[in-house]
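A.B. asks: Turn this into a structure:
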Amino acid sequence: MIGSIQKQFPGTLMNIHGIKKELLTLLLELGHDSHPNEFVALLRERAGVIAELDMVPGTVTGASSASVIFDMMPLDTHRAGSAHSHPNGVLRPSDADINFFPRAGRFHLIIGYPYRESDWQCFTADGEPCRLDVIA
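C.D. replies: I've put the predicted structure just below:
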């Protein structure tokens, strides 16, 4: 999986090895609070750990999609990717997700209904599942 990231972004691989537990908990809560609509946020890393999120102004959400206005995305060298919810509970990227992922970063979390601690999956920019450790 990491090898596929290196092929896609040779020489520029962020050394991301995990996500802060408190951020993952917040993302699960955002999914729950937004239900039955989707939410979407951008993820930021610090020292190789995804630790922060940005909610982008002008984001449009609904029951079947959430979209970011790319012109409103902050310029940031620490952007790691995105997180969004799937209220239907499916933890696989849709075709729209696969088109969005490369524009938003390298690592993408899908948070699924019913938003329990295990109801999420990380994907690379090309839509391949990847492991992301949860760090206390």
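A.B. asks: where along this protein do the helices fall?
C.D. replies: 2-8, 21-34, 95-104 (DSSP state H).
A.B. asks: Tell me, how many residues neighbour the residue lying closest to Arg106 once chain neighbours are set aside?
C.D. replies: Spatial nearest neighbour of Arg106, excluding adjacent residues (C-beta to C-beta, 6 or more residues apart in numbering): Ala125 at 5.1 Å. Every C-beta, even on glycine, is put in place using the N, C-alpha and C of the backbone. A count of nearby residues for Ala125, using other C-beta atoms under 10 Å, gives 21.
A.B. asks: follow-up on the earlier one: would you turn the helices of the chain into JSON lines with mean neighbour count, mean pLDDT and distance to Tyr113?
C.D. replies: Converted to JSON lines, the helices of the chain look like this (neighbours: other C-beta atoms under 10 Å; pLDDT from 0 to 100; distance: least, C-beta to C-beta, whole Å):
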{"stretch": "helix 2-8", "mean neighbour count": "12", "mean pLDDT": "41", "distance to Tyr113": "28"}
{"stretch": "helix 21-34", "mean neighbour count": "17", "mean pLDDT": "97", "distance to Tyr113": "7"}
{"stretch": "helix 95-104", "mean neighbour count": "16", "mean pLDDT": "93", "distance to Tyr113": "16"}
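A.B. asks: can you list those in TSV and add distance to Leu132?
C.D. replies: Formatted as TSV, those follow (distance: least, C-beta to C-beta, whole Å):
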stretch	distance to Leu132
helix 2-8	11
helix 21-34	9
helix 95-104	14
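A.B. asks: Out of those helices, the one nearest Val56 is which?
C.D. replies: Counting by C-beta to C-beta, Val56 lies closest to helix 95-104 out of those; the figure is 9.7 Å.
A.B. asks: helices or strands up against the closest one?
C.D. replies: strand 79-86, strand 107-112, strand 120-124 (3 or more C-beta pairs under 8 Å, 6 or more residues apart in numbering; DSSP states H and E).
A.B. asks: tell me the most buried of those?
C.D. replies: Using mean count of other C-beta atoms under 10 Å, the stretch among those with the largest mean neighbour count is strand 79-86, at a mean of 26.
A.B. asks: For that one, the averaged confidence score.
C.D. replies: Per-residue pLDDT over strand 79-86 has a mean of 94.
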